[in-house]
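[1] Provided below for reference: sequence and predicted model.
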Amino acid sequence: MTRICVAGAGTIGSLLAAHLARVAEVSVLTRREEHARALNDQGIRVSGRADFTARVSASADPSELDADLVILACKGSDLDALARRLAGHFAGATVMTVQNGLGAEDVVGARGAWPLLSAVTFMSGTRHGDTRVEYILDTATWIGPYRDTTPADAHAVADLIASSGLKAEAFDDLRPAQWSKLIFNATVNAVAALTGLPHDRNFAEGQLGALVHALVDEGKAAASAAGVELWEDPWEMNVLATQRGHAHRPSMLEDVAAHRPTEIELITGALVREAEKHGVSVPLHTALYRLVKAKEASYS
Amino acid sequence: MRVCIVGCGAVGSLFAANLAQLDDVEVWAYDASREHVDAINANGLRLSGAGDVLGRLSATTDATALPACDFGIVATKAMHTGPAIEATAHAFAAGCVATVQNGLGNEEALAAHVERVIRGTTFPAGKLVEPGHVQWDVKGDTTIGPYGDTPFTEVERLADACTRAGMPTQAVRDARGPQWRKVIFNASTNPIGALTGLTHGRVCERPDLRALVSALVDEGKTVAAAQSILLDADPEQLIDHAAKPEVAYNHKASMLQDVEARRTTEIDFLNGGIVRFGREHGVPTPLNEAIWALVKGVEASWGQ
């Protein structure tokens, strides 16, 4: 049986760990010891679109865990700290990132020689404490090879995730999908964080809709200069998401509301740097990047 | 001469109480706040701080009670210009109405209801402490000039009265320079404070954010230049000056205060005004447009 370690038990990590525990031997690496104890005692209770409790073994000490596949499910802003904790451990394991934005693979790759898979996930949920998670949107996780891995490796992991009851899809090259989501997140998350609006119809019409459209166009120009043919049109993704009836509160909005660091570096920051690298000017994304960084600075 | 202050908040009160010191000026004030109006009628209008003044004047919440006036001085928030002048226009049928408000478009809103309009920009500031009492924080100059066909002699008459009253006011043929200088300053800094929560000084000490401020200033300057408006000072220098610890480093922009209190902001008349004038003159203003949309988004979020 495949051994999987999910590092980081937030919403996405908890959903992955609980589902995968039905088809694999799953351990969870936590930051806090009491979190590990709670998981060992109570498992993970999933509600919402699924309804079950999964047994997992958990520890806050990476040397106590081993795995064939490590899934890093922390927020982008915590990724480097987590990768440093993994350094020297999990020899022989493949490591998969699921962070928003771009560049997560390189942050992790700099801390160890593990083979790497990259992934982006569209599923969403709400964490109700250390051992309870509500599964809300059953949208897919997309997986592709990155370093020393093959499309077959990506397919194997996607199949495993799909067999656990979540949606997953493998790509020979993840970049078209990753960039579609990058442009979507860079636009929607930053606008939500700055305005305080959930992802509602304001993003698809009128004055704010025009800004969102202009931001998407800048992102498309950057993608095109980077040689990426987008998998989905981020504007259509945006419009569809605003029509679901339930206005999602992007994590970046939750982060600024709670005065936490955001994922702006890996998302909008990454887009701005990629655009610069390819000689494309993205003044609107640059402005949003600076404004969100400044908003983070205002916490203190 | 009879002058009516339309909108007797902090800035309006500075004009009202000071003008009331002159023997040859009779001052009226029209304001929506019943408590403020009652306090003014009972005890006079008091200023304290940069100057200590007690002005005796007639205040009313009922526009129909206003007598015919030689001058109006409109000092409401920009979004209230239309309703305020619509209600009071009868008092200015033979007079002139000056705006000392923030932003762009106030003159046009006034001209829809009265014949003779005076463009104005004012720098003194204060805040309402309690009904009938305004704290005068900063003294400063006012510049006024004719809008449309308003006779310059009338502009000079009002400037003379204000100056004699202790509100130094200059009459100029083209008052757009000071107006655009102040609008560009406000549009390039206030919403940045409002969106980030940072004070003016902290906005300016972040090099990347200061560069965004400059990019907004540049768009504003281009729109001004397209209308042959000569700015009377460089907004960049004023922005850096204000960032000094002894000037306004710790100042929270009024728009930030509005956002914190969930009050509608003046964004439509600042960045919105720059965008509208830019469109009229074929100048693209994408950053001002983005900032305008973001602050409107902030306002929309309060209804959620």
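    Great, that's in hand.
[2] Helices of the chain, residue ranges please.
    Picked chain A for this. With helices called from DSSP state H, chain A shows them at A:11-20, A:33-42, A:79-86, A:104-109, A:151-163, A:175-195, A:206-225, A:234-242, A:251-257, A:270-277, A:283-297.
[3] wrong one, chain B
    Taking DSSP H, the helices of chain B run over residues B:10-19, B:34-43, B:81-88, B:106-111, B:152-164, B:176-196, B:200-205, B:207-226, B:235-242, B:254-260, B:271-280, B:286-301.
[4] Can you spell out which helices and strands pack onto the third one?
    Taking 3 or more CB pairs under 8 Å, 6 or more residues apart in numbering or on different chains; DSSP states H and E as contact, the helices and strands that helix B:81-88 lies on are strand B:2-6, strand B:26-30, strand B:71-74, helix B:106-111. Heads up, the C-betas are built off the backbone N, CA and C, glycines and all.
[5] most tightly surrounded among the ones you listed?
    strand B:71-74 (a mean of 29; mean count of other CB atoms under 10 Å in any protein chain shown).
[6] For the residue positioned nearest the centre of chain B, report the pLDDT, please.
    Among the residues of chain B, the one closest to the centroid is B:Q101, at 2.3 Å (CA atoms, centre = their mean). We have a pLDDT of 96 for B:Q101.
[7] which ones are touching whichever residue of the stretch 151-300 of chain A sits closest to chain B?
    Residue nearest to chain B within the stretch 151-300 of chain A: A:T195 (3.2 Å; CB to the nearest CB). With contact set as CB atoms under 8 Å, 6 or more residues apart in numbering or on different chains, A:T195 has these partners: A:202, A:208, B:294, B:297-298, B:300-301.
[8] switch the cut-off to 6 Å
    By CB atoms under 6 Å, 6 or more residues apart in numbering or on different chains, the residues touching A:T195 are B:294, B:297-298, B:301.
[9] What distance separates the opening and closing residues of stretch B:128-136?
    By CA to CA, to the nearest Å, the extent of stretch B:128-136 from end to end equals 9 Å.
[10] Let me see the mean pLDDT of it.
    96.
[11] Kindly report the same for stretch B:155-174.
    Stretch B:155-174 carries an average pLDDT of 98.
[12] And for stretch A:263-270?
    Stretch A:263-270 comes out at a mean pLDDT of 95.
[13] Can you get me a residue count around residue 216?
    Reading this off chain A. 22 (other CB atoms under 10 Å in any protein chain shown).
[14] Correction: the question concerned chain B.
    By other CB under 10 Å, neighbour count at B:L216 equals 25.
[15] Please work out how many residues are found near whichever residue of the stretch 1-150 of chain B sits closest to chain A.
    Closest to chain A within the stretch 1-150 of chain B is B:M79: 16.1 Å, counting by CB to the nearest CB. Around B:M79 there are 16 other residues, counting by other CB under 10 Å.
[16] A:L266 now?
    Number of residues near A:L266 (other CB under 10 Å) recorded here: 24.
[17] Could you list the low-pLDDT ranges of chain B?
    B:304 (pLDDT under 70).
[18] follow-up on the earlier one: is it correct that the residue nearest to the centre of chain B is in contact with B:A78?
    Yes - at 5.3 Å, B:Q101 counts as touching B:A78 under the criterion of CB atoms under 6 Å.
[19] returning to that earlier point: quick check: closest non-adjacent residue to the residue of the stretch 1-150 of chain B closest to chain A.
    The shortest distance from B:M79 to any non-neighbouring residue, by CB to CB, 6 or more residues apart in numbering or on different chains, is to B:T264 (6.2 Å).
[20] Got phi/psi on the one you found?
    Dihedral angles of B:T264 (phi, psi; degrees, to the nearest 10) stand at phi -60, psi 140.
[21] From B:K296, how far off is it?
    10 Å (CB to CB, to the nearest Å).
[22] Count the neighbours of B:P207 for me.
    The number of residues near B:P207, taken as other CB under 10 Å, comes to 8.
[23] and if you look at A:I136?
    Using other CB under 10 Å, the number of residues around A:I136 comes to 17.
[24] and it, what does it touch?
    Neighbouring residues of A:I136 by CB under 6 Å, 6+ apart: A:48, A:124-125.
[25] Which pLDDT value goes with it?
    91.
[26] The one 5 residues further on too?
    Per-residue pLDDT puts A:T141 at 96.
[27] does it have beta-bridge partners, and which?
    When bridges are called by DSSP bridges, A:T141 pairs up with A:T121, A:A168.
[28] So the residue nearest the centre of chain A versus chain B, what's the distance?
    Relative to the mean C-alpha position of chain A, the nearest C-alpha, by CA atoms, centre = their mean, is the one of A:Q99, at 3.0 Å. Going from A:Q99 to chain B by CB to the nearest CB, to the nearest Å gives 23 Å.
[29] Residues of the stretch 201-300 of chain A that sit close to chain B?
    Within the stretch 201-300 of chain A, the positions near chain B by CB under 6 Å from any CB of the partner chain are A:202, A:207-208, A:211, A:284, A:287, A:290-291, A:294-295, A:298.
[30] Repeat the analysis, applying 10 Å as the threshold.
    A:202-203, A:206-212, A:214-215, A:218, A:247, A:253, A:256, A:259, A:283-284, A:286-299 (CB under 10 Å from any CB of the partner chain).
[31] Now do the buried residues in stretch A:222-237.
    For stretch A:222-237, burial by neighbour count (16 or more other CB atoms under 10 Å in any protein chain shown) applies to A:222-223, A:226, A:228, A:230-231, A:234-235, A:237.
[32] give me the low-pLDDT residue ranges for chain A?
    A:1.
[33] The closest residue to chain A within the stretch 151-300 of chain B: what's its closest spatial neighbour, skipping adjacent residues?
    Of all residues in the stretch 151-300 of chain B, B:G297 sits closest to chain A, at 3.2 Å by CB to the nearest CB. Spatial nearest neighbour of B:G297, chain neighbours left out: A:T195 (3.2 Å); criterion: CB to CB, 6+ apart.
[34] Alright, calling it a day.
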